[in-house]
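J.: Next come a sequence and a model predicted from it.
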Amino acid sequence: VVNGYHAINKPKLVKQAFFMCKAGEKFNLSFVSLISWEALQYLCDVQKNDPAGWTRIATAQYKTDGVEQVTNSESED
């Protein structure tokens, strides 16, 4: 475990890895890309420019894939 830690404990390597990970066509997962003005503008405009994407974002917190929810009336039986 310690050897693995020392192998990847290189900030330049980690930054390069996030830079190489793409997030859509315009962005990557680097800190600089994620906090950029362009990323902020894109997020602000998602609702009007990508209605389907906005719906996925807005409803993702309510999804329970593969989990069956029990209602109060069912749990009282």
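T.: Okay, I see it.
J.: Just the buried positions in the longest helix anywhere in the chain, please.
T.: In the chain, with assignment by DSSP state H, the single longest helix is helix 37-49. Residues A39 are the ones in helix 37-49 that count as buried (16 or more other CB atoms under 10 Å). Using the backbone N, CA and C atoms, a C-beta is placed for each residue, glycine as well.
J.: mean confidence score for it?
T.: Across helix 37-49, the average pLDDT comes to 91.
J.: which strands and helices sit next to that helix?
T.: Helix 37-49 makes packing contacts with strand 27-28, helix 51-59 when contacts are defined by 3 or more CB pairs under 8 Å, 6 or more residues apart in numbering; DSSP states H and E.
J.: mind redoing it with 10 Å?
T.: With contacts defined as 3 or more CB pairs under 10 Å, 6 or more residues apart in numbering; DSSP states H and E, the packing partners of helix 37-49 are strand 27-28, helix 31-34, helix 51-59.
J.: Give me the contacts around that helix.
T.: Residues lying outside helix 37-49 but in contact with it, judged by CB atoms under 10 Å, 6 or more residues apart in numbering, are 23-24, 26-27, 32-34, 36, 50, 53-58.
J.: Most neighbours among these, which one is it?
T.: Within the contacts of helix 37-49, S33 tops the neighbour count with 17 neighbours, counted by other CB atoms under 10 Å.
J.: The nearest residue to it once chain neighbours are set aside pairs with what?
T.: Counting by CB to CB, 6 or more residues apart in numbering, S33 lies nearest to F27, which is 4.9 Å off, once chain neighbours are set aside. Under the criterion DSSP bridges, F27 forms beta bridges with A23.
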